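Asks: Need the 3D shape of this:
(2 chains)
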Amino acid sequence: MTLAATAEPLKQTPLHSLHLALGAKMVAFAGYEMPLQYPSGILNEHLHTRAQAGLFDVSHMGQLRVAGGDALNGLEALVPGDLLALASLRMRYTLLLNEEGGILDDLMVTRLDGGLFLVVNAARREADLAHLRTRLDRSTTIELLEDQALLALQGPAAAAVLSGFCEGIARLGFMTARETTLAGYKCLVTRSGYTGEDGFEISLPAAGAAAVAEMLLARPEVQPTGLGARDSLRIEAGLCLYGHDIDETTTPIEAALAWTIGSRRRAEGGFPGAAVVLRQLAEGAPRARVGIRPEGRAPAREDTPVVNTAGEKIGRVTSGGFGPSTGGPIAMGYVDRRHAPAGTPLALLVRGTARPAQVVRLPFVPHQYYRG
Amino acid sequence: MSTFRFTRDHEWVRLDGDLAIVGITDYAQSQLGDVVYVELPEIGHRVAKGTEAAVVESVKAASEVYAPVSGEVAEINEALTADPAKVNADPMGEGWFIKLRLDDPKELDSLMDEEGYKRFIEEQR
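Replies: Predicted coordinates for the structure are as follows:
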């Protein structure tokens, strides 16, 4: 068997020595040395996050502050989301689009009193910065928050745990933010995440990251959780990973992300690629991102060809593997629109063998977001 | 119990009567993490030394298991289909993959013994 190895200079997050002390297996991800898993293993970390709470270091993500000038209108012109409707301390999941309606990145935008706070993908950070600098007006400042760490506390126990350190945080609404203090460090806490569970993301100074992480890990409900479980959790939740499930060749409609396009934006357009996106919204896209459940036990990984019952290629898997909570293989990918309805039988060519599968509704595991 | 022999690709093989039992090492299972699926060849299938004999999948990725020696598949460990985690729990025992009827028992001599494999994985770290 072949065990992968890499040898490139990698950046480290402020929690690097904590990961090593916890016995993490470190891997290269988006230019960073990141924990793939801790000694308890991906399966255990995944199931523990769904049962109690997992703590993730996501400090590799790009954190940006966009302020001044007409930042809000400027950013809104680059995305299909209704940002003007964002009240202070509310956040949106949205997409930077190119002129063809392709997705340049997916990101979280939070409106703060003094501007906007963005969380973008690590691998897209430089491209996003260049894009924003070209497209936003000169009086708008775009600041990369390099000394800021990002933690995610996810799972049904997350709210109770965080309440122990921050009174009232359990009532913070889904997709809203609060500025607070943890272990003496000023933090921006949002009720959001990437697991399908209730939970929080905590943006805080790099200098305070280890103290806050250790404070949370000291709680018996909280277990350190690596990128391996982060990936299996988000696939079960039906969430996209940039560069895999979405990229510059996929539109929001194809990607089943039409829900991110506000009704005002549908009526008014005025975002990059609006002609393509709004036409696809009205007429349907040629292909669609769908959930795929393989029969049997064999996982179907990214790039597995998807064929119809006649054996003709109709798409490909963009994310796939084993779902610890579903107890079997799960996948998502793009298929020709005629094969997109839930229940459509398909086959997956795993190592050359056609294995039966079926289109299913996403997510594989119901979302447990806080609804007040 | 007869002695184990090891490959540089982290498979082990040991003789059991006239058959050779094949599996992956404890080091390999620890590097893979939780095994969730094992794909085994059919009985009667012929494998050449160094070619794919089986596939082992962790939550994260699929990896090939190469035949340490050439031969014909005489038995497969059906128990792994229902409980692939046996590969993690007991890689050198109940987590075996296949039993081969050897073409040439001398091929075993080219493989590392336990001391040699221990040194080899130390060098890998």
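
Asks: What residues of stretch A:146-165 count as buried?
Replies: A:148-159, A:161-162, A:165 (16 or more other CB atoms under 10 Å in any protein chain shown). In this view, the C-beta of every residue, glycine as well, is placed from N, C-alpha and C.

Asks: Specify the beta-bridge partners of A:P205.
Replies: Beta-bridge partners recorded for A:P205 (DSSP bridges): A:Q148.

Asks: That one: neighbour count?
Replies: Residues lying near A:P205 (other CB atoms under 10 Å in any protein chain shown) number 15.

Asks: hang on, it packs against A:E146?
Replies: No. The pair A:P205 / A:E146 is not scored as a contact, 11.0 Å apart, by CB atoms under 8 Å.

Asks: And the helix ranked longest in chain B, how far out from the chain middle?
Replies: In chain B, assigned by DSSP state H, the helix with the most residues is helix B:114-124. Offset of helix B:114-124 from its chain centre (CA atoms, centre = their mean, to the nearest Å): 17 Å.

Asks: which SS class is A:P156?
Replies: coil (DSSP: H, G, I helix; E, B strand; the rest coil).

Asks: list the buried ones in stretch A:49-64?
Replies: Under 16+ other CB under 10 Å, the buried positions of stretch A:49-64 are A:49-50, A:52-64.

Asks: Same check on stretch B:14-30?
Replies: B:14-15, B:19-29.

Asks: Do a quick rundown of the strands in the stretch 51-200 of chain A.
Replies: For the stretch 51-200 of chain A, strands defined by DSSP state E, counting those that start in this stretch occupy the ranges A:53-57, A:62-67, A:91-97, A:103-112, A:115-120, A:141-144, A:148-154, A:177-182, A:185-190, A:199-205.

Asks: What residues does chain A have near chain B?
Replies: A:1-4, A:25, A:36-37, A:41-44, A:46, A:228, A:231-232, A:297-299, A:301, A:321-322, A:324, A:329, A:351 (CB under 8 Å from any CB of the partner chain).

Asks: Now which of those residues would you call buried?
Replies: A:1, A:25, A:36-37, A:41-44, A:46, A:228, A:231-232, A:297-299, A:301, A:321-322, A:324, A:329.

Asks: Show me those that map onto helices.
Replies: Using DSSP H, these in helices are A:42-44, A:46, A:228, A:231-232.

Asks: Can you tell me which of those is closest to A:V109?
Replies: Nearest to A:V109 among those, counting by CB to CB, is A:D231 at 23.6 Å.

Asks: Can you tell me how far the residue minimising distance to the centre of chain B is from A:S325?
Replies: Closest residue to the average C-alpha location of chain B: B:G23 at 2.2 Å, with CA atoms, centre = their mean. Separation of B:G23 from A:S325 (CB to CB, to the nearest Å): 29 Å.

Asks: According to the record, where do the domains of chain A fall?
Replies: Following automatic domain parsing, chain A resolves into domains at A:11-59+A:147-236, A:286-360.

Asks: ok, back up a step: from the buried residues of stretch B:14-30, which are also near chain A?
Replies: B:24, B:28.

Asks: Could you identify the most distant pair in the buried residues of stretch B:14-30?
Replies: Spanning the widest gap among those are B:L19 and B:Y27, at 24.1 Å by CB to CB.

Asks: Let me see the contact set for the residue of the stretch 101-250 of chain A found nearest chain B.
Replies: The stretch 101-250 of chain A approaches chain B most closely through A:G228 (5.3 Å), counting by CB to the nearest CB. For A:G228, the contact set (CB atoms under 8 Å, 6 or more residues apart in numbering or on different chains) comprises A:36-37, A:42, A:45-46, B:33, B:59-60.
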